[in-house]
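K.L.:
Below are the sequence and a predicted model; questions follow.
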Amino acid sequence: MRAVHFGAGKIGRGFIADLLHNTGYEITFVDVNEKLNAEMNQYHNYYLYVIQEDYRRKEIDKVSALSPITQPEEVSKAIVDADLVTTAVIADNFPKIANNLAAGLKARLDAGKERVNVIPCENAFYCGVMLKNELLKTGLLTEEELEKIAGIPSTAVDRMVFAAERDGRDGIDVGNTYELVIEKNQLVDPDAQPIKGAEYTGNLDKYLERKLCVVNGGHTMSAYIARLMGYDIIQDYFKVPENTKLTRDIMLQAGAFIEKKHGFAHEEMADYIDATIGRWSTPGVKDTIERIAKAPIRKLDPEDRMVKSAIECEKYGLANDLILKGIAAAFLYDVEGDEQAAEIKAYVEENGIEKAVTHYTGIESGSHIYEEILNAYNEYKAKKSN
Ligand SMILES: NC(=O)c1ccc[n+]([C@@H]2O[C@H](COP(=O)([O-])OP(=O)(O)OC[C@H]3O[C@@H](n4cnc5c(N)ncnc54)[C@H](O)[C@@H]3O)[C@@H](O)[C@H]2O)c1
Ligand SMILES: O=P(O)(O)OC[C@@H](O)[C@@H](O)[C@H](O)[C@H](O)CO
């Protein structure tokens, strides 16, 4: 079996390809990183290192790589011949992979081949729908044609993965626990399980909201707050018990709406939160605030991890004060090299924070959640300038 995977980064090589390899696929990566592509084409393998098992080395073999820039024809051909297509490129990059992917699917349709599963594995609400929209925007396929050639489910994706230079090679350190949940009704065959080790569900919302709002929301808001406290590494922030408590409380606020909406027991949610914080505090692990907090515009979107939680809590009459503080902290995130952070900063300088809150979060002025974000922002800002 052959899989084509877009994005040979940390989740691509460290998680998705691990499961694909366990399932028995030979993997063709498609990535813009020429150095990485060359290494994969030289060795046809790479290594994962399982953190909790004393960095046990695991080989992923039968891999090769293509460049979407210099080898678009080969990418198309690989899609025509593939048994499965997956992505882990960061959802912001969907517009950049859409042409290559749409051209490959169109060629597959023209070749009279069967439908194929295209499974995006990204932190985003309904990444399958986002990818479909980007594919249609290329104009290379109509909606009917896309439906005829591909099943594109959404997913929830969770694993600890870190880039690591080991044994003189580009490897990935991985956690020993993970979750990949796939929306089965959108698969070509809803009863087939094209990736071993994944879960297949008819109720993705439940897992997606828990993963994105509780795990990623908690992680991201902690990172913005930690940055204001002067931390660069999230594990240093977690060393202070009050900080861990704050993160846990933020996650419990998001968890509360998910308990109500999806019927999780409170104990189960609390255990999930504690296990997640425990995983972030694994001895030896160092995760940068810069990685967790990156791309604040994506993370402030009304349909992403922070604002969605604030609004859902509001709907259910649940507390969201800590979430609103986390959102406020995101407006002060300021790290050299983060284009989205720079864009927010410039917008605030030109238009004021009052307009910026509505512009990025969709939260209208006049509501109490708007006022609370503004107040928290002004408090953080005053502290920052003291
Ligand atoms: N890192 C994590 O801990 C983690 C955990 C769960 C989910 N995720 C999600 O997984 C996805 C991937 O994240 P990551 O941490 O692996 O990011 P990453 O930056 O390590 O990897 C992204 C890869 O995509 C490649 N890429 C970018 N533009 C491309 C293009 N036009 N064509 C082909 N390849 C392109 C990059 O070169 C890079 O190798 C994201 O949606 C992220 O939110 C990450
Ligand atoms: O990947 P992002 O930028 O959407 O979010 C940053 C982190 O919260 C995220 O990568 C987590 O570490 C990961 O999702 C855990 O599974």
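P.N.:
Sure thing, it's come through. Ligands and ions are numbered 1, 2, ... in the order given.
K.L.:
just the strands in the stretch 101-250 of the chain please.
P.N.:
Assigned by DSSP state E, counting those that start in this stretch, the strands in the stretch 101-250 of the chain fall at 116-120, 150-151, 155-166, 169-183, 199-201.
K.L.:
Among those, show me which one is buried the most.
P.N.:
strand 116-120 (a mean of 27; mean count of other C-beta atoms under 10 Å). All C-beta atoms are positioned from the backbone trio N, CA, C, and that covers glycine.
K.L.:
got the angle between it and strand 169-183?
P.N.:
110 degrees (axes from the mean of the first three to the mean of the last three C-alpha atoms, to 10 degrees).
K.L.:
Direction included, what does strand 116-120 pair up with?
P.N.:
Strand 116-120 has the following sheet partners, assigned by DSSP bridges: strand 84-87 (parallel), strand 150-151 (parallel).
K.L.:
Would you pull up the residue in this structure closest to ligand 1?
P.N.:
The chain approaches ligand 1 most closely through Gly9 (1.8 Å), counting by C-beta to the nearest ligand atom.
K.L.:
which one of the strands paired with strand 116-120 lies closest to Ala341?
P.N.:
strand 84-87 (24.8 Å; C-beta to C-beta).
K.L.:
Please see if the closest one touches ligand 1.
P.N.:
No: applying C-beta under 6 Å from any ligand atom, one finds strand 84-87 separated from ligand 1 by no less than 8.2 Å.
K.L.:
How about residues contacting that strand?
P.N.:
Contact with strand 84-87 is made by 1-7, 12, 16, 20, 25, 79, 94, 97, 101, 104, 116-122, 131, 150, 194-195, as judged by C-beta atoms under 8 Å, 6 or more residues apart in numbering.
K.L.:
Find the centremost residue of the chain, please.
P.N.:
Asn123 (2.3 Å; C-alpha atoms, centre = their mean).
K.L.:
Tell me who's in contact with that residue.
P.N.:
Contacts of Asn123 by C-beta under 8 Å, 6+ apart are Ala91, Val157, Lys211, Leu212, Asn216, Arg305.
K.L.:
Same question for Thr288.
P.N.:
Here Thr288 is in contact with Asp232, Ile233, Ile234 (criterion: C-beta under 8 Å, 6+ apart).
K.L.:
how near is it to Pro296?
P.N.:
15 Å (C-beta to C-beta, to the nearest Å).
K.L.:
same thing with Glu336?
P.N.:
14 Å.
K.L.:
The residue in the stretch 251-386 of the chain positioned nearest to ligand 2 and Met160: what is the separation?
P.N.:
Across the stretch 251-386 of the chain, no residue is closer to ligand 2 than Ile292, which sits at 4.7 Å (C-beta to the nearest ligand atom). Using C-beta to C-beta, Ile292 is found at 12 Å from Met160.
K.L.:
Glu336 and Pro296: which is more packed in?
P.N.:
Taking other C-beta atoms under 10 Å, Glu336 and Pro296 do not tie; Pro296 has more neighbours (26 against 7).
K.L.:
Around ligand 2, which positions in the chain sit nearby?
P.N.:
Asn123, Asp158, Arg159, Val215, Asn216, His219, Thr220, Ile292, Lys294, Ala295.
K.L.:
quick revisit: want to throw the strands of the stretch 101-250 of the chain into a markdown table with distance to ligand 1 and mean pLDDT?
P.N.:
Converted to a markdown table, those look like this (distance: least, C-beta to the nearest ligand atom, whole Å; pLDDT from 0 to 100):
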| stretch | distance to ligand 1 | mean pLDDT |
| --- | --- | --- |
| strand 116-120 | 8 | 99 |
| strand 150-151 | 18 | 98 |
| strand 155-166 | 4 | 96 |
| strand 169-183 | 9 | 96 |
| strand 199-201 | 15 | 98 |
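K.L.:
which one of these lies closest to Leu374?
P.N.:
strand 155-166 (32.1 Å).
K.L.:
distance between that closest one and the chain's centre?
P.N.:
Strand 155-166 has its C-alpha centroid displaced from the chain centroid by 10 Å (C-alpha atoms, centre = their mean, to the nearest Å).
K.L.:
and it with strand 169-183, angle?
P.N.:
Taking the same axes, to 10 degrees, one finds strand 155-166 and strand 169-183 inclined to each other by 170 degrees.
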